[in-house]
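1. sequence isn't available, so here's the structure alone:
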């Protein structure tokens, strides 16, 4: 979902920053619910095994404004008023609860507050408690701690704030969130069938728990011609031409099979994107059934990718708040339009470029996605 805001763009920006309603900016300090985690049994009022009606009742009649398959077996529902996602198994029983960093209840395990904290501090607390209880701690797909004995898999999200004028702004810090599961999913929470219906991370690059950031002097410097090219990559290139231009074979490739006979027919695997870790970019392809892939967008990775400038603004590897401020100033001085992409990514109207956030441990650095004119970005 892309939002275009022109002329007095700040009015109502907080309400437009996300594709779904969120409520954290209306809450005063101390208004977030406080829940206790009883590992593998319950969290707050939610007991694993509850059906969706029982969950709604436990949440004071809350409605899952965003859901899939809710009440019909495997499915999930996001309860906006609570900042909680409930994931259900085949028998419509609750098997997992995801707690938002910004909007969810403050969950406590023993003497540890798990939610809305600095990730490295929570990691240290979890390791200390696990040591005292004789439990093992592993690293999950995002590089965060996971403890099978507790059914806890930690994560983190970029912190959001409000400016003095009352509009949302991205901050440069990460806050913890968590996926809490029942005993049937504790061995591998994020790769379990019900959870991947809600969030499929199998194609995400795994992290071992470190987030090195390349120094500015170690980065290549690329030129950008909006809607046409970035660095040596020109939109419309074939995948083999992209690899040749970067002098690197893809580290990973992601794609899909055709949707089936009623939509696309049967056919071969369709390439969607190539990731090039040495250079620090991801190539995204326009492709489909009987439609050979061509380069439609390029994401330059914030921690490792080349530097690209726009009107003197360095877009890559910087503080996200600083880049946002510079872009907004540029827009206001020239009476241009602000474009807000999925997840609150900012861009200048007409350029089809979005400044994104990339995690660097407890902090966030900027990265950017550059697209051809026809590309519709979905985050």
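-> Done, it's in. Predicted, not measured: the structure shown is a model, and the values here were computed from it.

2. how about residue 126, secondary structure?
-> helix (DSSP: H, G, I helix; E, B strand; the rest coil).

3. right, I mislabeled it, should have said residue 61
-> Classification of residue 61 using three-state DSSP returns coil.

4. and it, how many neighbours?
-> Residues within reach of residue 61, counting by other Cβ atoms under 10 Å, total 8. C-betas here are computed from N, CA, C, even on glycine.

5. quick one: the helices in the stretch 151-300 of the chain, in order.
-> Here the stretch 151-300 of the chain has its helices, by DSSP state H, counting those that start in this stretch, at 193-198, 239-246.

6. per-residue pLDDT, the nearest residue to residue 311 once chain neighbours are set aside?
-> In this structure, residue 311 finds its nearest non-sequential neighbour in residue 330, 5.8 Å apart by Cβ to Cβ, 6 or more residues apart in numbering. Per-residue confidence (pLDDT) for residue 330: 96.

7. please apply the same query to residue 13.
-> pLDDT for residue 13: 42.

8. same thing with the one 10 residues further on?
-> Listed pLDDT for residue 23 reads 56.

9. residue 379 now?
-> 72.

10. neighbours of it, how many?
-> Around residue 379 there are 13 residues (other Cβ under 10 Å).

11. was I right about it contacting residue 357?
-> No. Contact between residue 379 and residue 357 fails when scored by Cβ atoms under 8 Å: they sit 11.3 Å apart.

12. find residues that contact each of those two.
-> Counting by Cβ atoms under 8 Å, 6 or more residues apart in numbering, the common neighbours of residue 379 and residue 357 are residue 345.

13. so where is the chain shaky, pLDDT-wise?
-> 1-30, 259-267, 289 (pLDDT under 70).

14. any idea which strand is longest in it?
-> Of all segments of type strand in the chain, defined using DSSP state E, the longest is strand 168-181.

15. which secondary structure elements does that one contact?
-> Under the contact definition 3 or more Cβ pairs under 8 Å, 6 or more residues apart in numbering; DSSP states H and E, strand 168-181 sits against strand 94-99, helix 119-133, strand 152-162, helix 320-334, strand 363-371.

16. put together TSV for the ones you listed, with distance to residue 193 and mean neighbour count on each row.
-> What follows is these, written out as TSV (distance: least, Cβ to Cβ, whole Å; neighbours: other Cβ atoms under 10 Å):
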stretch	distance to residue 193	mean neighbour count
strand 94-99	10	25
helix 119-133	26	16
strand 152-162	16	21
helix 320-334	35	16
strand 363-371	31	24
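
17. let's have the ones you listed in JSON lines, adding distance to residue 284.
-> Shown next, in JSON lines, are the helices and strands packed on strand 168-181 (distance: least, Cβ to Cβ, whole Å):
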{"stretch": "strand 94-99", "distance to residue 284": "27"}
{"stretch": "helix 119-133", "distance to residue 284": "28"}
{"stretch": "strand 152-162", "distance to residue 284": "21"}
{"stretch": "helix 320-334", "distance to residue 284": "21"}
{"stretch": "strand 363-371", "distance to residue 284": "8"}
